[in-house]
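Peer 1: Next input, structure requested:
(chains A, B and C)
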Amino acid sequence: MFEFLDKFMPGILESLLPRASSYAIEIDVLFDVITILVGFWFFLVLGYFFYLIFRYRQRDGHKAEYISGETHKQKQAIEIPHYLILVCDVAIIIPTFLVWFNIKIDIPPPEEEVRIVAQQWAWTFYHAGEDRVLGTDDDIVTVNELHIKNNTQYSYHLESRDVMHSFSVPVFRLKQDAIPGRVISGHFKPILEGEWDIQCAEMCGVAHGIMGARIFIRSEAEHNAWLAANSPNSNGAGILAAAEQILSQEKEDQNNG
Amino acid sequence: MAHQIIATSRSRTGIPTGRLAVWWIIGSEILIFGGLIATYLLNRFNHGPSWSAEAAHTNTFIGAANTFWLLTSSLFVVLAHAASERKDAKKTRMWIWLTIMLGGFFMGFKTYEYTTEILHGYTIFTSNFWSFYYTATGLHGFHVVCGMVIMAIIAENDIKNERNWHRVENIGLYWHFVDIVWIFLFPLMYIAK
Amino acid sequence: MAEVAHADVSHGEHHDDHHEPSFWSKYIFSTDHKIIGFQYMFTGMAMALIGGYFAYVFRMQLAFPGSSIPFWGTLSPAAYNSLVTNHGTIMIFWVAMPVLIAAMGNFLIPLMIGCDDMVFPRINRLSYQIFLLSAVVLLASFFVPGGAFGGAWTSYAPLSAKAQYNSTPFGAPLWLIAVTLEIVAFLLGGINFITTTMNARAKGMKLYEIPMIVWMIVIASILFMCSVGPLVAGAVMLLFDQTLGTAFFDANAGGDPVLWQHLFWFFGHPEVYVVLLPAMGIVAEVTCTFARKKLFAYKLILYSSIGLGILSFFVWAHHQFISGVDPRATYLFTTTTLLISIPVAIILFAFVATLYGGSIRFTTAMLFALAFTGEFLLGGVTGIWLGSSGTDIYLHDTYFVLAHFHYTFVPIAIIATFAAIYYWFPKMFGRKMNETWGKIHFWGTIIGFNGIFIPLFILGAGGQHRRIYNFQNYPDLAGADMQDMRVFATMSLIVMLVFQIPFLINFIVSIKRGEKAGNNPWKANTLEWVAPSPPPHGNFGPVLPEVYRGPYEYSVEGREKDYWPQNEKPESEAT
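Peer 2: Next up, the predicted model:
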């Protein structure tokens, strides 16, 4: 549904920032729907307002009228627009419930998982390693770098060591506060390869402003290569095998392309 | 010396302004204590067993005795108000001082209670339950003392000179409020174990 | 300064017919509501200069990161956080509230309802003294070891609860104590607004004949009183966490940090309506006077304001959508948040409708009142993107939020305030402010204001987060396009600040040298224009006015004059 609607929408957010997650399009479309509905009313009322200021400016020979606003017809002049606004509100509430459910309540079964620990003032990421299971010996732990595989359904588990932080990935359109003493889970599915910012979105002290991290979204082959190269059990053979895999993939692309 | 303001003596609603003011103060205080108590309740629900274990150590006997002192003192302040309506300065002052005396018993028992609890190792830092306990009962106790001081001033400054009789009703309203807060705190801290 | 003549108010025993009050009792320890109103107003204006200075410093840092800022020096990350925190705190608690509620309320209410002072003048004086103390405590927090608190005006725990996290062991408790004292001052002040309006009204002034601004201040005071209690409880708990080492909000010791958020926002959301309502009251008064029109649908506006107040208690968690509250709760809060736009829109539309059929004079006060309506409209509608939980996932903590609340707060705290000052200056000081300089001030302010915050909407939609002291640290945000917008916003702020200079000069010079104003220079209806300009002690002399009609009887058909003061006897009774 969102793909269909997106065809008619101006794509405001997309023009500012790419859509790198599967649900970014939902937020973008919702943003545009609100822009159109609200924009319509805003410019209508503002336009009428400027018109009234011009039309009823003080001029010779024109006296003001005595209007109480308490007659039925006059009250309707205010009430009818408000019923229409109510309709627009409902038109916004329904899709926003849907988007919220999709992103924050529904957690699809994951293909991969990451554990994210926020602290003053850095991010620690626990990747599952080549066995694709979190919490085992081959987990890869990085600081301020999150490495994920494209087109894969991820679950994330977010914690904080000290104060409130917030894990924000603008290209995913994702944000979730990290609360000390809790583990909060969510999901995302990257759809675009590249490298972008992760920001902390909750004031967390002196270095809140330099608590940025980077997210690296790679193809399966490249991601596996990264895993192999950074695995705690890493040895030369692993790197070599990974490099060979990349080269053969590129050759295949060349032959096909 | 400020001259008499006309506004002070007017009453378009028929309700004396002093009473309106006291209700305003009580209103704000209800919200403050309400916030504290609501927070306590939420925590109690979330931490059921551990908080019950801590709450078991409050002294129910002292809590009950303190409830008796406060409820009786509310009766006395009503009697003081009745005497003030009759403009009986002697009886009004007597009932006010009896109210203050019972307030004093309340604070005395509370002092003993806090002392024994602290000596047994239950301080404000011991656990979250105890943090709430001391904060809520301490804030309440502070309001009791303030009430006692204001009552003393009214008794000696106003009633003794046979003026401002309406202030007895107003401080009585405040005192009833302080009593009602205790009626909430007592079961929550002492009975629910 | 204000010429408060000492009038002979005759009723029974007075001790001061021949006693000329000293400077101290007349201006510093006065119980006169007008002087107390001035005290609040000047304190608020001074704090606005400080808050505005902070904004200048941190916006310079954002536009030219790492540079040495004129009149400050280089800005460290810790100091940046402190400035951002205290800019917000000062503007809300020490500018908007004192000027809109305490200054306007104190000065206007007794005059507008036709009595000689507030009902409890000494409580009034006490409330200002506590308020002044709170301002001193806040400013003191800048001079203590560790510096001023820097945990954002929302002061989320556990950052705010433990010095090990916030690095401001003295600044944090001082900030909290200052805010608590300010709250106590306003609770005390509220006593007077309610009791005076209810009980000391002029003879003949029915409830629906009370000027709208008086109603708005009364409703705002009630709203404040009903919402601030839990925050006071929370502040006590937070103070104990900070100073005694309790663990109310420390998750590592059994506490709950999200609890602070609830206690804060339960107050925080009604608070915005506490400041909005008086601002709308000001706009109502100014609009009617200069459009020469009756206020459109007075009762509807009144009921909408009350409904707004009640509804405002059910929206608070829209500040916490992604904070870890139960995600299903967002359904309720999104719905109530979008619905609350209806009463606000009704009131704004009523202001627009008041212009219909009018005869509008574009005095400076009217220009600011009109600007309020237009700018607040934008501010209000941008709340919809944020109230909708789905889009809020992306927009929370971005500059979009910041632009939204500045498009609501600046109209409230600055634009409506200027409308009020230009409008009631003649009553306060007996002289008018200069209109030409007023219009220059107006255009500079409005153009500057829009220039700051329109780019911020775009930056926010592009993913720029709040409270970050240097965006060059983020590759996605460091591009020239975005940095150019930041520079543009900062330059607009400087323009806006520069254009406040003519205002200040106009204000100060006009007190002594402005065009003399009579009792009623604007030909308005409400009772304050009956008293002399400036009103003496006791306001109206020995005989208080009596009211025969509502406050907005402008352009009544069949009458020669296009206004009809509330206290003017009906023709049949005039001798």
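
Peer 1: Just confirm B:W182 contacts B:F68, I think it does.
Peer 2: No. Counting by Cβ atoms under 8 Å, B:W182 stays clear of B:F68, with 10.9 Å between them. The way it works is simple: take the backbone N, C-alpha and C, and place the C-beta from them, glycine included.

Peer 1: who's more crowded, these two?
Peer 2: Between B:W182 and B:F68, counting by other Cβ atoms under 10 Å in any protein chain shown, B:W182 is the more crowded of the two (22 against 14).

Peer 1: Could you say which helix or strand holds the more buried one?
Peer 2: Assigned by DSSP states H and E, B:W182 belongs to helix B:166-186.

Peer 1: Need phi/psi at the residue in the stretch 51-200 of chain A that chain B sits nearest to.
Peer 2: Among all residues of the stretch 51-200 of chain A, A:G181 sits closest to chain B, at 12.1 Å; criterion: Cβ to the nearest Cβ. For A:G181, the backbone dihedrals (degrees, to the nearest 10) come out as phi 90, psi 0.

Peer 1: likewise A:V133?
Peer 2: Torsion angles, degrees, to the nearest 10, at A:V133: phi -120, psi 130.

Peer 1: what do you get for A:W196?
Peer 2: Torsion angles, degrees, to the nearest 10, at A:W196: phi -140, psi 180.

Peer 1: Quick one: neighbours of it, just the number.
Peer 2: Residues near A:W196, counting by other Cβ under 10 Å: 20.

Peer 1: What of the one 4 residues further on?
Peer 2: The burial count assigned to A:C200 is 29, neighbours taken as other Cβ under 10 Å.

Peer 1: for the one 4 residues further on, same thing?
Peer 2: A:C204 is flanked by 29 other residues according to other Cβ under 10 Å.

Peer 1: follow-up on the earlier one: packing partners for the helix holding B:W182?
Peer 2: helix B:17-46, helix B:60-85, helix B:89-119, helix B:128-153 (3 or more Cβ pairs under 8 Å, 6 or more residues apart in numbering or on different chains; DSSP states H and E).

Peer 1: wait, which of these is closest to chain C?
Peer 2: Comparing the helices and strands packed on helix B:166-186 by Cβ to the nearest Cβ, helix B:17-46 comes nearest, at 2.2 Å.

Peer 1: what comes up buried for that closest one?
Peer 2: B:17-18, B:20-33, B:35-37, B:39-40, B:43-44 (16 or more other Cβ atoms under 10 Å in any protein chain shown).

Peer 1: go on, stretch A:155-162?
Peer 2: A:155-156, A:158-160, A:162.

Peer 1: same thing with stretch B:176-187?
Peer 2: Result for stretch B:176-187 [16+ other Cβ under 10 Å]: buried residues B:176-179, B:181-182, B:184-186.

Peer 1: Repeat that for stretch C:349-366.
Peer 2: Under 16+ other Cβ under 10 Å, the buried positions of stretch C:349-366 are C:349-360, C:363-366.

Peer 1: Once you drop chain neighbours, what's closest to the residue in the stretch 401-550 of chain C that chain A sits nearest to?
Peer 2: Ranked by Cβ to the nearest Cβ, the top residue of the stretch 401-550 of chain C for proximity to chain A is C:G463, at 3.2 Å. Spatial nearest neighbour of C:G463, excluding adjacent residues (Cβ to Cβ, 6 or more residues apart in numbering or on different chains): A:P170 at 3.2 Å.
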